[in-house]
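Q: Output the structure for:
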Amino acid sequence: MQHRRRAVPDYLGPEQPISLPPTSLQGYVGTVERRTASDPCISHEAEVLESVVRKADGPVHLVGHSFGGLVALVVALRNQVLLSSLAILEAPAMELLHAEGEDRLYRLFRDMTKAYFADFAAGNASAIAAMTDFYGGAGTFASWPSRGRAYAERTTPVNIVDWASAFGFPLSAAILSAIRVPVIVARGGASHPAMQRAKALLCKRIDQAALVTIDGAAHFMVATTPRKSLI
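A: Numbers count the residues shown, from 1 in each chain. I've put the predicted structure just below:
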């Protein structure tokens, strides 16, 4: 099922409110990093999120954007906490592209990250700009305020571990068939074609999933088009 322009919570239903405050991923906004370069397993992220969900009085609507959306997907697959529904916005589900034989689109992610990692290792403190522009379009990083650019540069090592976590998380139709809650898969209408295709495949392979395309939005939709994305 595909929808356009409607906001994500329209599909969540009135039964359960979003009852938890926003939660930061490991390595960001004071959340302690538990992963390492030798052990970047995404399950470490899921465990932290599950500990937050357990503080709720009942099933929650879990919403995640970008890598946070992928972590939310892992939580749903692990089935260790009670979820009412799941909304994943622009999650980088590259390994599903790989599993579905979308080799050209998958290679775009691999080539981009290889160049990004090498650039950072060579000493370019602004290497993350190329990754940002891959997601948001040319000029995205330069358009950010200086404080946002500085934060992205400062947390580049964390972002690199995020990519290791994402590439190390296998996705396939068989794996995704285990999800048993309603799911919203949101993508930006102006997002990278590889991201758009990955979202379409996620929706196709998850039961009870609806694909929402947010017109005019790209990857960083929660900042650029928040009313369309979250209200």
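Q: how about the strands in the protein?
A: 2-4, 60-65, 83-89, 183-188, 209-214 (DSSP state E).
Q: Wait, R187 touches T213, no?
A: Yes: with contact defined as C-beta atoms under 8 Å, R187 reaches T213; the gap is 5.7 Å. C-beta here means a position set from N, CA and C on the backbone, and glycine is covered the same way.
Q: Tell me, how many residues neighbour A118?
A: Residues within reach of A118, counting by other C-beta atoms under 10 Å, total 11.
Q: what sits against it?
A: Contact partners of A118, counting by C-beta atoms under 8 Å, 6 or more residues apart in numbering, are absent.
Q: Can you tell me the centre-most residue of the chain?
A: In the chain, the residue lying closest to the centroid (C-alpha atoms, centre = their mean) is S66, at 2.3 Å.
Q: Quick check: that one vs D57, distance?
A: 28 Å (C-beta to C-beta, to the nearest Å).
Q: lowest average confidence, helix or strand, in this protein?
A: strand 2-4 (a mean of 42; mean pLDDT, DSSP states H and E).
Q: which residues does F109 contact?
A: Here F109 is in contact with 92, 94, 97, 194 (C-beta under 8 Å, 6+ apart).
Q: Closest one of those to E153?
A: Proximity of the contacts of F109 to E153 (C-beta to C-beta) peaks at P92, which lies at 19.9 Å.
Q: Would you check the distance separating stretch 149-156 from the middle of the chain?
A: 18 Å (C-alpha atoms, centre = their mean, to the nearest Å).
Q: what's next to that stretch, contact-wise?
A: Counting by C-beta under 8 Å, 6+ apart, 27-28, 120, 125-129, 132, 141, 144, 159 sit against stretch 149-156.
Q: from what I can see V161 touches R34, true?
A: No: look at V161 against R34 with C-beta under 8 Å: they stay out of range, at 10.4 Å.
Q: Now for A46, how many residues are close by?
A: 23.
Q: Please apply the same query to A150.
A: The local packing of A150 (other C-beta under 10 Å) involves 12 other residues.
Q: which stretches of the chain form helices?
A: In the chain, the segments counted as helices under DSSP state H are 43-53, 67-78, 94-99, 103-121, 128-136, 140-143, 146-154, 156-167, 173-176, 193-205, 221-224, 226-230.
Q: Which one of these lies nearest to I88?
A: helix 67-78 (3.6 Å).
Q: If we go by neighbour counts, what in that closest one is buried?
A: 67-76 (16 or more other C-beta atoms under 10 Å).
Q: Greatest separation within the residues you listed: which pair is it?
A: Greatest spacing in these, by C-beta to C-beta: F67 and A76 (15.1 Å).
Q: For the closest residue to F67 other than its chain neighbours, give its distance to Y28.
A: Distance criterion C-beta to C-beta, 6 or more residues apart in numbering; nearest residue to F67, sequence neighbours excluded, is D162 at 4.8 Å. When C-beta to C-beta is the yardstick, D162 and Y28 sit 9 Å from each other.
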